[in-house]
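Trainee: Predicted coordinates and the sequence they were generated for:
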Amino acid sequence: MNENMNEYKEISNPYLPLFIDFSEKPVLIFGGGTVGERKALRFMKSAPVTVVSLRFTDLLLKNAQSGQIQILEKDISKMSDADLKTLMKGVFLVVAATPSNALNDRISKIAKSTGILVNHAGGADAVVIPSLIEKNGLSIAISSGGESPAVTKYVRIQIEKTIGSDFEKMILIQNEMREELKKTIPDQKKRQAVLWEIMDSDEIWELLKSDSDADFEKAKKKAYEIVKNV
Ligand SMILES: C[C@@]1(CC(=O)O)c2cc3[nH]c(cc4nc(cc5[nH]c(cc(n2)[C@H]1CCC(=O)O)[C@@](C)(CC(=O)O)[C@@H]5CCC(=O)O)C(CC(=O)O)=C4CCC(=O)O)c(CCC(=O)O)c3CC(=O)O
Ligand SMILES: NC(=O)C1=CN([C@@H]2O[C@H](COP(=O)(O)OP(=O)(O)OC[C@H]3O[C@@H](n4cnc5c(N)ncnc54)[C@H](O)[C@@H]3O)[C@@H](O)[C@H]2O)C=CC1
């Protein structure tokens with residue numbers, strides 16, 4: 001291995017992913033432009049979202065009209081620290097997405113001083129928003145620890161191509177089998193081994209790749225046979 005390879009290994013990433021239930025966790029976004037819009041669309045699927053900005057994208061206005069998000073028209077640079085603090089009260093996550101890094105830094109500092117998580121559009125801060133794949137029963141989050149959002153997006157596109165409906169069908173089968181096994185096998189290690197036997201079955205994966213319902217039933221039958229043979 002040459003010296004440059006060792007340099008690549010040096011890149012350290014302190015960020016850890018979590019899947020958090022955002023329902024009833026308010027998100028407050030500063031800046032209603034392209035970036036603020038992208039973050040708002042992500043969070044509004046589960047969380048109550050408010051966007052504070054001078055102007056808003058058409059899509060943000062549309063979502064405000066239909067009640068999906070709240071908007072607040074304000075010049076943030078004219079707001080005092082105390083006003084910003086009041087606005088942040090009870091908020092779970094603040095997103096600083098104005099075009100001014102100085103303003104974003106100020107928002108971030110205030111959020112941190114009150115113990116609120118903050119995402120900063122101008123670089124990696126307390127929270128980094130990952131690329132997200134939600135396909136066929138799986139959620140996959142990708143991040144480069146803020147080093148290259150373009151690579152993150154590229155990886156998302158590559159992985160998305162590989163997640164077929166066979167994964168969703170395997171999740172259904174695994175879920176059914178693990179419930180079945182809990183009823184019949186008290187030893188967790190044994191249950192784990194059986195689930196992996198099903199997972200490692202090329203025959204089952206082949207059947208799951210097919211579009212036909214009959215093949216899905218065949219795969220399930222095969223899984224039940226493995227369970228019964230323990
Ligand atoms: C640190 C972070 C903070 C955060 O926002 O959380 C951040 C920061 C910055 N991004 C910038 C630019 C771009 N961002 C994207 C795309 C995404 N950016 C996202 C996240 C993050 N972006 C966090 C780190 C994520 C990680 O760890 O990898 C994604 C994953 C999630 C989302 O935003 O929804 C989403 C992809 C969603 C998808 O899968 O589609 C593209 C790609 C494109 O659009 O082609 C470009 C142009 C190409 C490039 O610059 O790479 C700039 C301006 C740089 C400049 O001024 O030149 C900064 C500021 C800076 O760091 O300087
Ligand atoms: N994190 C990320 O994924 C990315 C971050 N960026 C960075 O994010 C920042 C924002 O980018 P865009 O959304 O593309 O900009 P934009 O120009 O599309 O939107 C900025 C928004 O902020 C509002 N705004 C500006 N000053 C304000 C003030 N004083 N008070 C209230 N609202 C104010 C504007 O009305 C506008 O709605 C830029 O600094 C950019 O470098 C850019 C691309 C990706």
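Mentor: Structure received. Ligands and ions are numbered 1, 2, ... in the order given.

Trainee: for ligand 2, what are the nearby residues on the chain?
Mentor: Proximity of the chain to ligand 2, by CB under 6 Å from any ligand atom, involves residues 31-36, 53-55, 75-77, 97-99, 121-122, 149. No exception for glycine: its C-beta is placed from N, CA and C like everyone else's.

Trainee: tell me what the longest helix belonging to the chain is packed against?
Mentor: Secondary structure of the chain per DSSP state H: the longest helix is helix 165-184. Under the contact criterion of 3 or more CB pairs under 8 Å, 6 or more residues apart in numbering; DSSP states H and E, helix 165-184 touches strand 138-142, helix 188-199, helix 202-209, helix 213-228.

Trainee: re earlier: PyMOL command to pick out the buried ones of the residues of the chain next to ligand 2?
Mentor: This is how PyMOL selects the buried members of the residues of the chain next to ligand 2, with burial counted by 16 or more other CB atoms under 10 Å:
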select buried, resi 31+32+33+35+36+53+76+97+98+121+122
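
Trainee: Among the residues of the chain next to ligand 2, name the ones in helices.
Mentor: 34, 35, 36, 149.

Trainee: Check the residues you listed and tell me the two furthest apart.
Mentor: 36 and 149 (15.7 Å; CB to CB).

Trainee: for the longest helix of the chain, the distance to its chain's centre please.
Mentor: 23 Å (CA atoms, centre = their mean, to the nearest Å).

Trainee: Now do that helix, average pLDDT.
Mentor: Here helix 165-184 scores 97 as its mean pLDDT.

Trainee: That helix: which residues count as buried?
Mentor: Across helix 165-184, burial judged by 16+ other CB under 10 Å covers 166, 167, 169, 170, 173, 177, 180, 181.

Trainee: farthest-separated two in those?
Mentor: 166 and 181 (21.4 Å).

Trainee: how about the residues of this structure that lie near ligand 1?
Mentor: So the chain meets ligand 1 at 38, 42, 119, 121-124, 128-131, 143-146, 148-150, 152-153, 156 (CB under 6 Å from any ligand atom).

Trainee: Going through those, which ones are buried?
Mentor: 42, 119, 121-122, 124, 128-131, 143-144, 152, 156.

Trainee: May I see the residues you listed organised as CSV, with pLDDT added?
Mentor: Compiled in CSV, these are given as follows (pLDDT from 0 to 100):
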residue, pLDDT
42, 97
119, 98
121, 97
122, 97
124, 95
128, 98
129, 98
130, 98
131, 98
143, 97
144, 95
152, 98
156, 98
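
Trainee: Can you find which strand in this structure contains the most residues?
Mentor: strand 49-56 (DSSP state E).

Trainee: Going by neighbour count, which residues of whatever helix or strand residue 134 lives in are buried?
Mentor: In this structure, residue 134 sits in strand 131-135 according to DSSP states H and E. By neighbour count with 16+ other CB under 10 Å, strand 131-135 contains the buried residues 131, 133, 135.
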